[in-house]
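Colleague: Need the 3D shape of this:
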Amino acid sequence: MFQILVELQRTIYLAVGEQIKLLSAGGDWLAFMGFLPMGVVFGAAHALTPGHSKAVLATYLAGSDAKVSRGLLVSIILSFTHVTIAVLIAVLSLPLVSIALGSVGRAPLLEDISRALLGLIGVWMLWRALNRGHHHKHEGEAVGVMAGLIPCPLTLFVMTFAMSRGVPGAGMLFAVTMMAGVALTLSCVALLSILFRQRLVGFIAGKRLETISRTIEGAAGLALAGVAAWQIMVAS
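Modeller: Okay, the predicted model is just below:
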């Protein structure tokens with residue numbers, strides 16, 4: 001399955017490269033617009049591969065009391081941040097390269113910030129579970145932004161290539177369709193996580209409900225903080 005996803009991404013990536021080359025040589029924008037839906041497939045397939053904060057998203061939503069609508073909102077925010085950060089790095093590459101980029105397609109500084117902030121969210125969830133705290137209204141949105149700080153490498157590659165060919169607009173348009181594909185995959189992850197939590201809680205009734213809910217939230221917070229700490233140690 002993984003190899004199929006890799007080959008699919010490679011095929012689409014080469015195709016978009018050819019489309020951008022044609023545009024830079026005076027090609028037809030209408031033809032490029034017709035190719036853009038492939039960006040949705042590209043983004044969805046790319047988000048199915050390891051990474052993209054799927055585990056973070058699933059862990060947070062499994063331990064929170066977020067409804068489906070909020071879970072989908074968090075997924076969209078995560079996708080938007082993930083792709084937009086890559087676009088911004090490409091557009092502002094000259095001042096950012098020496099600060100944030102350590103190797104092609106990566107931004108170690110942003111990755112470390114993202115992991116540290118997610119670790120803090122995990123600690124907060126654990127503390128809240130132990131102290132019967134209330135859910136902050138915008139906590140889910142914050143998780144989406146923090147998890148999305150790690151830039152999408154393929155968006156960065158496409159944007160850089162489009163800019164080098166003098167057609168940055170093509171790169172941005174393709175990035176938008178990629179964002180939609182990433183959001184589609186992450187929304188499915190969010191939906192499944194929330195449905196799993198609701199089914200689990202549905203088996204529990206009476207006074208034990210609050211205790212079990214707090215236990216799930218605490219376990220999710222501990223897992224989130226642990227994953228963030230482990231990733232920071234491995235990266236260093």
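Colleague: And the contacts of stretch 184-201?
Modeller: 40, 43-44, 47-48, 52-54, 57-58, 61-63, 66-68, 71-72, 74-76, 78-79, 209, 212-213, 216 (CB atoms under 8 Å, 6 or more residues apart in numbering). In this view, the C-beta of every residue, glycine as well, is placed from N, C-alpha and C.
Colleague: Of all the residues in stretch 23-36, which ones are buried?
Modeller: Across stretch 23-36, burial judged by 16 or more other CB atoms under 10 Å covers L23, G27, F32, F35, L36.
Colleague: Could you export it as CSV, CA atoms only?
Modeller: Extracted in CSV, the C-alpha atoms of stretch 23-36 (Å, rounded to 0.1, in the frame of the first residue of the first chain):
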residue,chain,number,x,y,z
LEU,A,23,3.3,27.3,-18.6
SER,A,24,6.7,28.8,-18.3
ALA,A,25,7.1,28.3,-22.0
GLY,A,26,3.9,30.2,-22.8
GLY,A,27,1.5,27.3,-22.4
ASP,A,28,-2.2,27.4,-21.8
TRP,A,29,-3.5,28.3,-18.3
LEU,A,30,-6.8,26.6,-19.1
ALA,A,31,-5.1,23.3,-19.6
PHE,A,32,-3.3,23.7,-16.3
MET,A,33,-6.6,24.5,-14.6
GLY,A,34,-8.0,21.3,-16.0
PHE,A,35,-5.0,19.4,-14.4
LEU,A,36,-5.5,21.0,-10.9
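Colleague: what about this structure, any weak spots by pLDDT?
Modeller: 51-52, 93-122, 124-138, 140, 201-218, 220-221, 224, 227-228, 231-232, 234-236 (pLDDT under 70).
Colleague: ok, 50 please
Modeller: For the chain, applying pLDDT under 50 flags the ranges 94-105, 206-207.
Colleague: hmm, back to that, make JSON lines out of the buried residues of stretch 23-36 and add distance to M179 and secondary structure.
Modeller: Output for the buried residues of stretch 23-36, formatted as JSON lines (distance: CB to CB, whole Å; DSSP: H, G, I helix; E, B strand; the rest coil):
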{"residue": "L23", "distance to M179": "20", "secondary structure": "helix"}
{"residue": "G27", "distance to M179": "24", "secondary structure": "coil"}
{"residue": "F32", "distance to M179": "17", "secondary structure": "helix"}
{"residue": "F35", "distance to M179": "16", "secondary structure": "helix"}
{"residue": "L36", "distance to M179": "12", "secondary structure": "coil"}
